[in-house]
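[1] Got a sequence here, can you model it:
(one chain, ligands or ions: 1)
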Amino acid sequence: MAERKVGDICGSSASTTSDDHPKDTLDLKPEDGDPESPEAQKDQDLKSVLVTSVLNLEEIDVDLYRGTHHWVPRTQRLFGGQIIGQALVAAAKSVGDNLYAHSLHCYFVRAGDPKVPVLYQVDRIRDGRSFTVRSVRAIQHGQPILICQASFQMLQPSPLQHQFTMPAVPPPEDLLTAEELIRLYLSKPDLAEKYKLGLNKLLAIEVPIEIKPVNPPVFYKVTASEPKNLFWVRARGYIGEGNMKLHCCVAAYVSDFALLGTALLPYPGYRAQFAASLDHAMWFHSTFRSDEWMLYECESPWAGGSRGLVQGRLWRRDGVLAASCSQEGVLRVKPVTRPSKL
Ligand SMILES: CCCCCC(=O)SCCNC(=O)CCNC(=O)[C@H](O)C(C)(C)COP(=O)(O)OP(=O)(O)OC[C@H]1O[C@@H](n2cnc3c(N)ncnc32)[C@H](O)[C@@H]1OP(=O)(O)O
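    Down below sits the predicted model:
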């Protein structure tokens, strides 16, 4: 598959400036303009696998694309965030540079099969004066696994602007990554053998996202907590200024990671026997860089009927609210059996 520049993956480009109104720029060019330079090659080597692989769809025909997989959860169901991100890439392909993704709504209707690629069939629902809507079916074995609607809007500034205040948390520089935390636990001399296997399996997972929990979990210590969680997150590797639509696709991928688990936090006496996202909705509020640290604030306002509702807010480091998401998932649990103390 030919290596593509960041700018053309979503078919348009807009700089991800820190102000609220991205300016149209040409497709991404290596900083010094010489694609063979050591700096450009370094960027190419460090470019996020999300850009070079996961979100780099192959065009099969008009409005028909094919996506491949990079990381698959232990459930061996395709990661929901991958399917959402790839669907948004497909939707954006036929949307002009002057339009920006502002929302998407998806249903996961069948489990994704990691053994075969995913086809994305795009339906150009409407190209309005200010808003453009695309509908995408992610298809495997001739059946939809995801149905997604995405909407794009021209920039239309307004005097109506407000947002919540970003939670006050330590900066990412003061926190450890998930991998560093696992290595720290593995270094404990009194760690039971049975825990080492699980932790080493976690270390082996090549998730293309870096995560720094604000309140690091104490592995294998079961305490109930409020259904709220905070992480610093960013795509692994370099994405660069480039294309705001691409950063939205990466944020869609990131938004589904570790979100549903928020609903399980108050129930340490139970573990998920069957858990899967049923739907996912996302709203994009301002420009941001998905390859820079962003604070992911997760909470679950409700759970019941074998389902959990979880909501997330992605904050830029400067306190600007970048994106919001909501998701309901099926949560079938069973009591955790612990070895008797006797
Ligand atoms: C790491 C981050 C992960 C983040 C979350 C994700 O990405 S999850 C990935 C994205 N989301 C998805 O893949 C969900 C896609 N949608 C679906 O798969 C389907 O719509 C659905 C399973 C939710 C609902 O379909 P159905 O109504 O036909 O299925 P149903 O609910 O009856 O059964 C589904 C599975 O649950 C099991 N099941 C049924 N009742 C159960 C119960 N009381 N206790 C335990 N398990 C039960 C069944 O055996 C079956 O397992 P078997 O299926 O083994 O027979």
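[2] going forward, measure contacts and count neighbours with C-alpha atoms only.
    OK.
[3] residues from the protein in reach of the ligand?
    Counting by C-alpha under 6 Å from any ligand atom, the chain comes close to the ligand at 73, 77-80, 108-112, 256-258, 273-274, 276-278, 332.
[4] Quick one: end-to-end distance for stretch 247-264.
    29 Å (C-alpha to C-alpha, to the nearest Å).
[5] Can you report how many residues neighbour residue 58?
    Look at residue 58: counted by other C-alpha atoms under 10 Å, it has 17 neighbours.
[6] Can you show me the CA trace of whichever strand or helix holds residue 234 as PDB?
    Per DSSP states H and E: residue 234 is located in strand 228-235. The C-alpha coordinates for strand 228-235 follow below in PDB (Å, rounded to 0.1, in the frame of the first residue of the first chain):
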ATOM      1  CA  LYS A 228     -15.100   8.400  37.300                       C
ATOM      2  CA  ASN A 229     -11.600   8.200  35.800                       C
ATOM      3  CA  LEU A 230      -9.000  10.600  34.400                       C
ATOM      4  CA  PHE A 231      -6.200   9.800  32.000                       C
ATOM      5  CA  TRP A 232      -3.700  11.700  30.000                       C
ATOM      6  CA  VAL A 233      -3.800  10.200  26.500                       C
ATOM      7  CA  ARG A 234      -2.100  10.700  23.100                       C
ATOM      8  CA  ALA A 235      -1.500   8.800  19.900                       C
END
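[7] same for it, what does it pack against?
    strand 209-213, helix 244-255, strand 294-304 (3 or more C-alpha pairs under 8 Å, 6 or more residues apart in numbering; DSSP states H and E).
[8] list the helices and strands the helix or strand just after the last one packs on?
    Next along the chain after strand 294-304, taking DSSP H and E as the criterion, comes strand 307-315. Counting by 3+ C-alpha pairs under 8 Å, 6+ apart, the packing neighbours recorded for strand 307-315 are strand 294-304, strand 321-335.
[9] show me where pLDDT drops low in the protein?
    Where the chain drops to pLDDT under 70, the residues are 1-46, 220, 338-342.
[10] Please, where are all the helices along it?
    6-9, 38-46, 49, 80-92, 178-186, 193-204, 244-255 (DSSP state H).
[11] quick revisit: can you say which of the residues of the chain next to the ligand are buried?
    Buried residues within those, counting neighbours by 16 or more other C-alpha atoms under 10 Å: 78-80, 108, 110-112, 256-257, 276-278, 332.
[12] In strands only, show me these.
    By the criterion of DSSP state E, membership of these in strands covers 108, 276, 277, 332.
[13] which parts of stretch 63-75 are buried?
    Residues of stretch 63-75 classed as buried: 63, 64, 65, 66, 67, 68, 69, 70, 71, 72 (neighbour count, 16+ other C-alpha under 10 Å).
[14] quick check, nearest of the residues you listed to residue 180?
    residue 71 (20.0 Å; C-alpha to C-alpha).
[15] Contacts for stretch 70-85 next, please.
    Contacting residues not belonging to stretch 70-85 are listed as 53-55, 69, 106, 108, 111-114, 138, 146, 148, 205-208, 249-257, 277 [C-alpha atoms under 8 Å, 6 or more residues apart in numbering].
[16] Check the burial of the residue lying closest to residue 223 once chain neighbours are set aside by counting its neighbours.
    Leaving out its chain neighbours, the residue that sits closest to residue 223 by C-alpha to C-alpha, 6 or more residues apart in numbering is residue 268, at 6.1 Å. If you count neighbours by other C-alpha under 10 Å, residue 268 ends up with 15.
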